[in-house]
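Engineer: predicted model and sequence follow; I will ask about them next.
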Amino acid sequence: MINIGINGFGRIGKSILHQALTNNNIKIKSINFPGFKIDRITSYINHDSFHKTNPLNVEILDEENININGQKIKLLDNRNPETQMWKKTDSNYVFETTGKFLTTLKALEHNSDYFIMCAPSKDETPQYLYNGNHSKYVGEHIISNSSCTTNCIVPLIKILDENYSIENCNFITIHAATASQNILDGPHLKKRNHRSAFNNIIPATTGASKSAIKILPHLEGKIYGTSVRIPTGNVSMVDMNVTLQKGDSLENILDVLRNNEQIIVSDDPYLVSSDFMTSTNPTIVDSNACMDIGKNQYKFTIWYDNEWSYSAQALRMLEHMYCFNNNIPLIVNDYTC
């Protein structure tokens with residue numbers, strides 16, 4: 001049994017909860033959710049503007065404990081990690097979803113057995129992602145699961161490079177708005193983010209290219225990316241232009257992708273962003289939006305639910321870590337709710 005704790009209970013923390021509950025090998029022992037009122041917990045868990053999942057049976061046991069579908073979960077209220085916070089609840093693997101503990105030094109404050117950052121690390125903490133470089137995991141206690149966009153692009157880049165050798169890759173992620181942006185115009189520390197996320201397309205930066213190189217270091221100097229934030233609440237898209245050393249027809253390349261279980265190729269010409277809501281696959285190639293530009297250059301359009309598929313990827317990496325650390329065969333859940 002994999003006992004987990006969740007630090008923070010926003011978009012990613014709640015997505016991890018819902019998907020973890022579909023896996024009988026995972027037990028949620030605790031959630032650190034500072035300042036939240038327990039009488040609102042049932043509504044918060046079961047209502048979501050984007051992810052329409054089956055309602056969970058949430059029972060409030062007392063001021064600090066709830067029961068969800070038969071699992072007793074301790075609710076913690078600690079803005080600063082306490083030395084034994086996770087050990088007291090037997091939470092062996094902790095998901096950090098607040099974005100505040102993204103270095104090894106900060107992670108050590110939690111004193112957990114294993115610590116998974118649900119964002120790119122801000123230091124040299126190793127970044128691992130499932131279907132990217134998970135096989136290189138060697139038992140580290142503190143890792144980063146990188147970013148949602150990195151989890152989207154790396155499986156595609158890896159397969160293209162293995163089959164055709166990538167010469168150059170440039171991408172732009174058309175990213176849904178996030179909770180870090182302003183709903184209305186107001187002060188903000190980041191450039192342009194003082195403007196309303198509801199009313200604007202906002203140029204932004206992305207660390208996905210740097211993270212992708214950490215996952216696939218042999219491609220250093222060949223991957224570049226940028227981003228724009230758009231006024232939708234969830235599901236993002238990557239527009240990627242790739243130059244390959246070995247050319248092939250676009251249809252043959254798409255067939256290579258179709259034959260790889262790490263990627264979904266969507267052939268439906270009528271789908272739009274909302275149709276990919278709550279998909280657990282981080283790399284969905286839209287075949288009808290791909291192009292053969294000529295001279296071994298190709299354009300790929302990739303969809304991903306930047307919340308749900310990322311959370312599924314974090315849980316897949318968790319399972320890999322647990323199986324590696326306990327020397328048992330790997331069985332990975334698809335996390336369909």
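Structural biologist: Yes, it's here.

Engineer: elements contacting the strand or helix carrying Cys169?
Structural biologist: Assigned by DSSP states H and E, Cys169 falls within strand 166-176. When contacts are defined as 3 or more CB pairs under 8 Å, 6 or more residues apart in numbering; DSSP states H and E, strand 166-176 packs onto helix 148-164, helix 208-215, strand 223-230, strand 236-244. Using the backbone N, CA and C atoms, a C-beta is placed for each residue, glycine as well.

Engineer: want to throw those into a markdown table with distance to Thr22, mean pLDDT and mean neighbour count?
Structural biologist: Shown next, in a markdown table, are the helices and strands packed on strand 166-176 (distance: least, CB to CB, whole Å; pLDDT from 0 to 100; neighbours: other CB atoms under 10 Å):
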| stretch | distance to Thr22 | mean pLDDT | mean neighbour count |
| --- | --- | --- | --- |
| helix 148-164 | 19 | 98 | 24 |
| helix 208-215 | 27 | 96 | 23 |
| strand 223-230 | 30 | 97 | 19 |
| strand 236-244 | 23 | 98 | 21 |
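
Engineer: one step back: how far is the strand holding Cys169 from where the chain is centred?
Structural biologist: Relative to the chain's own centre, strand 166-176 is displaced by 17 Å; criterion: CA atoms, centre = their mean, to the nearest Å.

Engineer: that older thread, okay, the helices and strands packed on strand 166-176 in a markdown table with distance to Val272 next?
Structural biologist: Output for the helices and strands packed on strand 166-176, formatted as a markdown table (distance: least, CB to CB, whole Å):
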| stretch | distance to Val272 |
| --- | --- |
| helix 148-164 | 17 |
| helix 208-215 | 23 |
| strand 223-230 | 13 |
| strand 236-244 | 10 |
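
Engineer: the residue in the chain sticking out farthest from the centre and Asn306: what is the separation?
Structural biologist: The centre of the chain is farthest from one residue, Lys295, which by CA atoms, centre = their mean lies 33.7 Å away. As for Lys295, its distance to Asn306 is 32 Å (criterion: CB to CB, to the nearest Å).

Engineer: can you tell me the helix or strand for the closest residue to Asn67 other than its chain neighbours?
Structural biologist: Distances taken as CB to CB, 6 or more residues apart in numbering place Glu59 nearest to Asn67, at 4.2 Å, with adjacent residues excluded. Using DSSP H and E, Glu59 falls within strand 58-62.

Engineer: that strand: partners in the sheet, and parallel or antiparallel?
Structural biologist: Strand 58-62 sits in its sheet next to strand 65-68 (antiparallel), going by DSSP bridges.

Engineer: which residues sit against whichever helix or strand comes after the strand it pairs with?
Structural biologist: Per DSSP H and E, the first helix or strand lying C-terminal to strand 65-68 is strand 71-76. Contact with strand 71-76 is made by 21, 27-34, 36, 38, 41, 61, 64-67, 85, 89, as judged by CB atoms under 8 Å, 6 or more residues apart in numbering.

Engineer: tell me the mean pLDDT over strand 71-76?
Structural biologist: Mean per-residue pLDDT for strand 71-76: 96.

Engineer: what lines up beside that strand in the sheet?
Structural biologist: Here strand 71-76 is paired, per DSSP bridges, with strand 26-32 (parallel), strand 65-68 (antiparallel).

Engineer: out of these, which one sits most buried?
Structural biologist: Among those, strand 26-32 has the highest mean neighbour count (mean count of other CB atoms under 10 Å), at a mean of 24.

Engineer: looks like Gly35 contacts Asp77 (just checking).
Structural biologist: Yes: with contact defined as CB atoms under 8 Å, Gly35 counts as touching Asp77 (7.0 Å).

Engineer: how about the helix or strand harbouring Ser309: buried residues?
Structural biologist: According to DSSP H and E, Ser309 maps onto helix 308-326. Taking 16 or more other CB atoms under 10 Å as the neighbour-count basis, helix 308-326 is seen to contain the buried residues 308-323, 325.

Engineer: so what's Thr243 up against?
Structural biologist: Counting by CB under 8 Å, 6+ apart, the residues that Thr243 touches are 166-169, 295-297.

Engineer: 7 Å instead, please
Structural biologist: Residues near Thr243 by CB atoms under 7 Å, 6 or more residues apart in numbering: 167-168, 296-297.

Engineer: as TSV, these with neighbour count and pLDDT would be great.
Structural biologist: Putting those into TSV (neighbours: other CB atoms under 10 Å; pLDDT from 0 to 100) gives the following:
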residue	neighbour count	pLDDT
Glu167	15	97
Asn168	16	97
Asn296	17	97
Gln297	15	98
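
Engineer: can I get these in a markdown table including distance to Asp48?
Structural biologist: Putting the contacts of Thr243 into a markdown table (distance: CB to CB, whole Å) gives the following:
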| residue | distance to Asp48 |
| --- | --- |
| Glu167 | 42 |
| Asn168 | 39 |
| Asn296 | 43 |
| Gln297 | 40 |
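
Engineer: so which of these comes closest to Asn46?
Structural biologist: Asn168 (46.4 Å; CB to CB).
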